[in-house]
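below: sequence and its predicted model.
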Amino acid sequence: MMETLQFLHSGWAYLVLLVLILATLNALVKFFGDKEFDAKDFRISLFTLITMHIQLLLGLILWFTKGYFDEMTVGEVMKSEAVRKLAIEHPVTMLIAVALVTIGYSKHKKKLVSKPKFKVVAIFYTIALALVLYMIPWNLWFN
């Protein structure tokens, strides 16, 4: 069960990363290119939101079933850099990234003109992408 959940979380992360990069680049290119916001742009932003929320759910299930705090105290978790990164820093940072995408998506829907829509998506999704890239456990991905 744990291996399957870990596999799903890690595998789905590739899709999340790809879609987040696509949505961010799409918003930046179209913002600076003064393009019109169309249905395709809306779907890209929405699909990014959906994939990130699915990843969040998988991550939360994994975090609660992993049981970091069953065998270790909070102090022991915080003293171990590797465990702290997986048990605390990674989940919190990714939660912030999901919140940024959610806020960006929500705010862009309230804008009536294309340029502000792309601006909001570009800002929030770029910050979220930076956080995701920073906090991915690359050593676990490539082992």
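Done, it's in. Numbering: from 1, shown residues only.

please name the nearest non-neighbouring residue to residue 141.
Once flanking residues are discounted, residue 141 sits nearest to residue 10: 7.1 Å by CB to CB, 6 or more residues apart in numbering. All C-beta atoms are positioned from the backbone trio N, CA, C, and that covers glycine.

in the strand or helix carrying that neighbour, which residues are buried?
Using DSSP states H and E, residue 10 sits in helix 2-32. By neighbour count on 16 or more other CB atoms under 10 Å, the buried set for helix 2-32 is 9, 12-13, 16-17, 19-20, 23-24, 26-28, 30-31.

helices along this structure, start to end?
Per DSSP state H, the chain carries helices over the ranges 2-32, 39-66, 68-71, 74-79, 81-84, 90-110, 114-135, 138-141.

among those helices, where is the model least confident on average?
Least confident of those, judged by mean pLDDT, is helix 68-71 with a mean of 72.

what's it packed up against?
Packed against helix 68-71 by the contact rule (3 or more CB pairs under 8 Å, 6 or more residues apart in numbering; DSSP states H and E) you find no helix or strand.

run through who's touching it.
77, 83, 86, 87 (CB atoms under 8 Å, 6 or more residues apart in numbering).

just give me the closest of the residues you listed to residue 37.
residue 86 (38.3 Å; CB to CB).

the closest one reaches residue 139, doesn't it?
No: taking CB atoms under 8 Å as the definition, residue 86 is not a contact partner of residue 139, at 10.6 Å.

which of the two has more residues huddled nearby?
More crowded of residue 86 and residue 139, by other CB atoms under 10 Å: residue 86, with 17 against 9.

if we ignore the residues flanking it in sequence, what's nearest that one?
residue 137 (6.7 Å).
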